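Colleague: sequence first, then the predicted structure, then my questions.
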Amino acid sequence: DTEVTQTPKHLVMGMTNKKSLKCEQHMGHRAMYWYKQKAKKPPELMFVYSYEKLSINESVPSRFSPECPNSSLLNLHLHALQPEDSALYLCASSQRDRESPSGANVLTFGAGSRLTVL
Amino acid sequence: AQSVTQPDIHITVSEGASLELRCNYSYGATPYLFWYVQSPGQGLQLLLKYFSGDTLVQGIKGFEAEFKRSQSSFNLRKPSVHWSDAAEYFCAVGINTGTASKLTFGTGTRLQVTL
């Protein structure tokens, strides 16, 4: 299995709803990521988990709450979002590349979850 | 801090023509460089990567890229473009953060292919 699977593919929610995005990989990767991508923009890093611990939070508002229940799963809990949070949310996982002498990671991305906040 | 510049927002080429997408980076040390492709509404697919060594790297789908340290560039090329290559292309620089990596993406180049 060489994929990162994200569910749901599409999500519409109101500003008072609570929802979650899910991400799963079975490649044995020990780092997992959440990126946010607005229309016609590049992806922007939100969170990084390394060995199931949060290692990077790019000053993301608390209405986004990540969770890594185990090494294969990554969730993004959503609460009290704003319409400007509408975007494509991309999950990725990575491992050190054997070709890299200094252990660079190569990220594998999922297809994304398209979120619309009304 | 690292940064990536893709000077061309939109490029149109004819099917069968050659392609070169430009990427310039700014990073103090030897960079890890990547090209990703994204079809509409989809995730990102890795085309190729550069860590060190041979400056000409081969990727999937017939793409190649050349690392030029003197020009801080990592341009993507393809000798003959197919209609299915129409997509958004992102250049990225990566830095290690312990057991993970942070990718900084350029703003992307949208490729349109005319028949």
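Modeller: Yep, that arrived.

Colleague: neighbours around residue A:66, how many?
Modeller: Burial measure for residue A:66: 20 neighbouring residues, criterion other C-beta atoms under 10 Å in any protein chain shown. Glycine gets a C-beta too; all of them are placed from N, C-alpha and C.

Colleague: could you check the pLDDT of it?
Modeller: pLDDT recorded at residue A:66 is 98.

Colleague: give the contact list for the nearest residue to it once chain neighbours are set aside.
Modeller: With C-beta to C-beta, 6 or more residues apart in numbering or on different chains as the criterion, residue A:66 has its nearest non-adjacent residue at 4.5 Å, and that residue is residue A:47. By C-beta atoms under 8 Å, 6 or more residues apart in numbering or on different chains, residue A:47 lies in contact with A:33-34, A:54, A:56-58, A:60, A:66, A:76.

Colleague: who's in contact with the spatially most central residue of chain B?
Modeller: Nearest residue to the geometric centre of chain B (C-alpha atoms, centre = their mean): residue B:35, 3.1 Å. Contact partners of residue B:35, counting by C-beta under 8 Å, 6+ apart, are B:21, B:23, B:46-49, B:59, B:63, B:65, B:74, B:76, B:89-92.

Colleague: mind checking which of those are in strands?
Modeller: Counting by DSSP state E, the contacts of residue B:35 place B:21, B:46-49, B:65, B:74, B:76, B:89-92 in strands.

Colleague: near chain A too, which of those residues?
Modeller: The subset of these within reach of chain A, by C-beta under 8 Å from any C-beta of the partner chain, is B:46, B:49, B:90.
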